[in-house]
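Colleague: Take a look and give me a structure for this.
(one chain, ligands or ions: 1)
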Amino acid sequence: MQASDPSTYVLFGASGNLSRIKLIPGLFRLDQAGRLDPKMKILSIGRAHIAREDWQKEIKGMLDAKFPKGYDQEVFKRFIERQHYHGNPPTDPDAFAKLKQTLSDASVFPQNMAFFLSVRPSDFATIVDQLAGAGLTDESNGWRRVVIEKPFGTDLPSAQALQASISKHLKESQIYRIDHYLGKSALQNILLQRFANTILEPIWNNEYIDHVQITNTEMLGVGDRTQFYDATGALRDMIQSHILQTLALTAMEMPKDLTPEGIRNEKIKVLEAIRPIPVNELEKHAFRAQYAAGEIKGEKVPGYLEELGNNDSVVETYAALKLFIDNPRWKGVPFYIRTAKRLHEADTRISIRFKKAPLQLGQDGQQQNWLIIGIQPRECIKMEIQSKIPGLDIATRTIQLDAANRQEGDESIDAYEALLLNLIEGDNSHYLHISEVEAQWRLVDPIIEAWAKDRKPVHQYPAGSRDPEASKVIFESEDQFWRYSIELGGDAH
Ligand SMILES: NC(=O)c1ccc[n+]([C@@H]2O[C@H](COP(=O)([O-])OP(=O)(O)OC[C@H]3O[C@@H](n4cnc5c(N)ncnc54)[C@H](OP(=O)(O)O)[C@@H]3O)[C@@H](O)[C@H]2O)c1
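Modeller: Residues are numbered from 1 along each chain as shown. Here you go, the predicted structure:
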């Protein structure tokens, strides 16, 4: 693989959490893999003034913390030479003019520039205004791209306001909106498994599929992020972004080619084809709950309201929705999507149940086929089929074809690492188009609003339990159930 074009990575919020644990280590690993041009530079920006040598020590500290078993010293020497620091105090009216002056030294900084805004979301629009005001978004001397971290707005109006503000200065092709799930190899694999094989696509429709479940469950609680979480909730945190993107990849039509434009156009179409949830029938389509005190891995843990110290909160730590996609492929097929904290298992997967086989044996018939795509922790594809139990009688049992997508010795790449490379290569297929962001907010906003208004105590589930029984209210038919673990021999009910 070739290294990318010479460019300068300008990292706002370089001392922050995301930068320490993902961005700086991710860039280091790209350097190690030979994917950064020898001339590439990284200019870290913060409010304080820090000498370059001190910043380089800071970077070393980040790498030591991330790679405690050590790292290649040759690569480190090269990486540390790429590092520069620029203090940008918010009180200095000339701060961005000074930044421009620093960056205009083409003998140090390549003039293709990626500005990564790893800062508070309330600062996104202001920084873009200031970059543009200093002429730094002008592409006459090289490409200029701006990465906007998650979340892009907190609802449709705020997302549209942010878009209106930044699009005064930037073309759509210059804006890279992050949903880091899209950098995950397992998610990118959904499209490849669907379209690089001939056997799946013919059955990937309402003729064969009974329903689809897209699930993300965690055993963790909200931890020390109670205030953040209570202002956000499961719908905004997981469903609006990561889970709807997973649904888009699962349900989209085959793009005419694998170009960023081809992929994003099909994702937009399918997201826009999701039928809005009728707010007057919300309880048949959406279910929310909060975890109560319980046990995780044998340890007692407190409930959400207790952690928050506020019994009035109606913010959900569990959210399940039933969605329909109004297009010929998916007519009548429910998509059940759900996310939860403090459930009995941590798993992200797509579970597809197929319709009943034409031949039904015995009075009760047999189990329906499932196809399961494991995203994390296990990247796998598993199919459950019915097979005869050897012996004198005609009876079937479920057997599992279970293949790991990840094999021993395979590279393990962090999602951010892939996204950082895509950015300097100008490939925005794994970044969000504004129409995707808008379609996602348009879908969840009415539910968030209705739930916020409904102040009745929220259904409680004990930490460490399975889905609340009451969540089954959203199923279309009585024989549907939440699909659990994907491990071989795992519990199917
Ligand atoms: N952390 C994650 O895992 C994660 C995951 C998903 C999305 N994100 C998004 O990524 C962005 C960065 O997250 P983060 O966790 O790295 O944030 P953070 O650690 O809280 O802050 C990032 C930087 O913002 C600057 N900053 C902090 N408070 C400020 C204030 N009051 N006024 C002006 N500047 C301030 C600081 O830089 P200086 O002091 O050097 O100026 C800090 O290093 C956010 O938009 C977040 O939503 C983060």
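
Colleague: Could you chop this protein up by domain?
Modeller: Under the assignment named as automatic domain parsing, the residue ranges that make up the domains of the chain are 8-149, 182-474.

Colleague: Which among those is found nearest to the ligand?
Modeller: Comparing these by their distance to the ligand (CB to the nearest ligand atom), the top pick is domain 8-149, with 2.5 Å. For the C-beta atoms, the positions are set from N, CA and C on the backbone; glycine is no exception.

Colleague: can you tell me the distance between the two ends of the closest one?
Modeller: Taking CA to CA, to the nearest Å as the measure, domain 8-149 stretches 18 Å from start to finish.

Colleague: average pLDDT for that domain?
Modeller: Rounded to a whole number, the mean pLDDT of domain 8-149 is 97.

Colleague: Ok, stretch 284-301 next?
Modeller: When the per-residue pLDDT values of stretch 284-301 are averaged, the result is 97.

Colleague: in that stretch, what's buried?
Modeller: Applying a neighbour-count criterion of 16 or more other CB atoms under 10 Å, one finds 285-294, 296, 301 buried in stretch 284-301.

Colleague: which residue is nearest the centroid of the chain?
Modeller: Among the residues of the chain, the one closest to the centroid is Tyr181, at 2.8 Å (CA atoms, centre = their mean).

Colleague: Contacts only, for that residue.
Modeller: Applying CB atoms under 8 Å, 6 or more residues apart in numbering to Tyr181 gives the contacts 187, 241-242, 245-246, 415.

Colleague: how about 7 Å then?
Modeller: Applying CB atoms under 7 Å, 6 or more residues apart in numbering to Tyr181 gives the contacts 187, 242, 245-246, 415.

Colleague: rewinding a little: which ones among the buried residues of stretch 284-301 map onto helices?
Modeller: Of these, the ones assigned to helices by DSSP state H are His285.

Colleague: what would the buried residues of stretch 284-301 look like in JSON lines with distance to the ligand?
Modeller: As requested, the buried residues of stretch 284-301 are arranged in JSON lines below (distance: CB to the nearest ligand atom, whole Å):
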{"residue": "His285", "distance to the ligand": "28"}
{"residue": "Ala286", "distance to the ligand": "25"}
{"residue": "Phe287", "distance to the ligand": "26"}
{"residue": "Arg288", "distance to the ligand": "23"}
{"residue": "Ala289", "distance to the ligand": "24"}
{"residue": "Gln290", "distance to the ligand": "23"}
{"residue": "Tyr291", "distance to the ligand": "22"}
{"residue": "Ala292", "distance to the ligand": "27"}
{"residue": "Ala293", "distance to the ligand": "27"}
{"residue": "Gly294", "distance to the ligand": "26"}
{"residue": "Ile296", "distance to the ligand": "22"}
{"residue": "Val301", "distance to the ligand": "22"}
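
Colleague: before we move on, the earlier item: can you tell me how far the nearest residue to the residue nearest to the centre of the chain once chain neighbours are set aside is from Lys60?
Modeller: Across the structure, with CB to CB, 6 or more residues apart in numbering as the measure, the residue nearest Tyr181 apart from its sequence neighbours is His242 (4.2 Å). The spacing between His242 and Lys60, counted by CB to CB, to the nearest Å, is 33 Å.

Colleague: For Asp237, state which of the buried residues of stretch 284-301 is nearest.
Modeller: Closest approach between those and Asp237, by CB to CB: Arg288, at 12.8 Å.

Colleague: May I ask you to confirm that the closest one is in contact with Tyr318?
Modeller: Yes: counting by CB atoms under 7 Å, Arg288 does reach Tyr318; the two are 6.4 Å apart.

Colleague: State the number of residues packed around Arg194.
Modeller: Arg194 has 17 neighbouring residues, counting by other CB atoms under 10 Å.

Colleague: what about it, which SS state?
Modeller: For Arg194, the secondary structure call by DSSP: H, G, I helix; E, B strand; the rest coil comes out as helix.

Colleague: How about it: what's its closest non-neighbour residue?
Modeller: In space, and not counting its chain neighbours, Arg194 is closest to Leu200: 5.6 Å by CB to CB, 6+ apart.

Colleague: Give me the local confidence score for that neighbour.
Modeller: In this model, Leu200 is scored at 95, pLDDT.

Colleague: list the buried ones in the longest helix along the chain?
Modeller: If you go by DSSP H, the chain has its longest helix at helix 434-453. Along helix 434-453, these residues count as buried under the neighbour rule (16+ other CB under 10 Å): 434-448, 451.

Colleague: List the residues that contact Leu421.
Modeller: Contacts of Leu421 were listed using CB under 7 Å, 6+ apart, and they are 4, 30, 35.

Colleague: returning to what we had before: His242 and Lys60 - which one has more neighbours?
Modeller: His242 (22 against 14).

Colleague: thought the more buried one was touching Ile178?
Modeller: No: between His242 and Ile178 there is no contact under CB under 7 Å: 11.1 Å.

Colleague: Tell me which residues of stretch 239-259 come out buried.
Modeller: With burial defined by 16+ other CB under 10 Å, the residues of stretch 239-259 counted as buried are 239-252, 255.

Colleague: Kind regards, and thank you for your time.
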